[in-house]
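Asks: fold the following.
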Amino acid sequence: MLDHGVGTIEATVEAQDAWVAHVNEIANMTLFPRANSWYMGANIEGKPRVFMPYIGGLNLYSERCDAVARNQYEGFKLTPKG
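Replies: Numbering: from 1, shown residues only. Prediction:
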């Protein structure tokens with residue numbers, strides 16, 4: 001970021017929603033979402049039940065990150081430094 005004059009980077013709402021959908025798609029292939037555990041936020045009363053960790057594996061995660069970078073950080077708003 002410093003080398004390219006970027007001060008901040010922030011995901012767009014659409015990119016966030018797409019990522020959450022992908023995380024849920026992967027998680028729903030497992031039993032994790034059915035568990036009453038801290039993975040689902042069950043340890044905090046009133047907290048929405050959302051699966052937060054990414055369990056698609058490092059290879060898939062790296063591929064997705066590389067694709068975002070190749071596409072000029074598609075899904076992110078980059079703000080110039082200063």
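
Asks: for the rest of this, base every contact and every neighbour count on C-alpha atoms.
Replies: OK.

Asks: compute the number of surrounding residues for the nearest residue to I9 once chain neighbours are set aside.
Replies: Computed as Cα to Cα, 6 or more residues apart in numbering, the closest residue to I9 that is not its neighbour in sequence is L78, at 4.6 Å. Neighbour count for L78, taken as other Cα atoms under 10 Å: 17.

Asks: assign a three-state SS to L78, would you?
Replies: Under DSSP: H, G, I helix; E, B strand; the rest coil, the three-state class of L78 is strand.

Asks: go on, G7?
Replies: The three-state assignment at G7 reads strand, by three-state DSSP.

Asks: contacting residues around it?
Replies: 1, 78-82 (Cα atoms under 8 Å, 6 or more residues apart in numbering).

Asks: check which helix or strand the residue nearest the centre of the chain maps to.
Replies: Nearest residue to the geometric centre of the chain (Cα atoms, centre = their mean): W19, 4.7 Å. Assigned by DSSP states H and E, W19 belongs to helix 13-27.

Asks: so which bits of stretch 70-77 are buried?
Replies: By neighbour count on 16 or more other Cα atoms under 10 Å, the buried set for stretch 70-77 is 75-76.

Asks: run through who's touching it.
Replies: With Cα under 8 Å, 6+ apart, stretch 70-77 has contacts from 9-12, 14-15, 68.

Asks: that one - what's its average pLDDT?
Replies: If you average the pLDDT over stretch 70-77, you get 96.

Asks: start to end distance for it?
Replies: By Cα to Cα, to the nearest Å, the extent of stretch 70-77 from end to end equals 15 Å.

Asks: gap between it and the chain center?
Replies: 14 Å (Cα atoms, centre = their mean, to the nearest Å).

Asks: can you tell me how far the closest residue to Y54 other than its chain neighbours sits from P48?
Replies: Nearest residue to Y54, sequence neighbours excluded (Cα to Cα, 6+ apart): V23, at 6.0 Å. Distance of V23 to P48, given as Cα to Cα: 16 Å.
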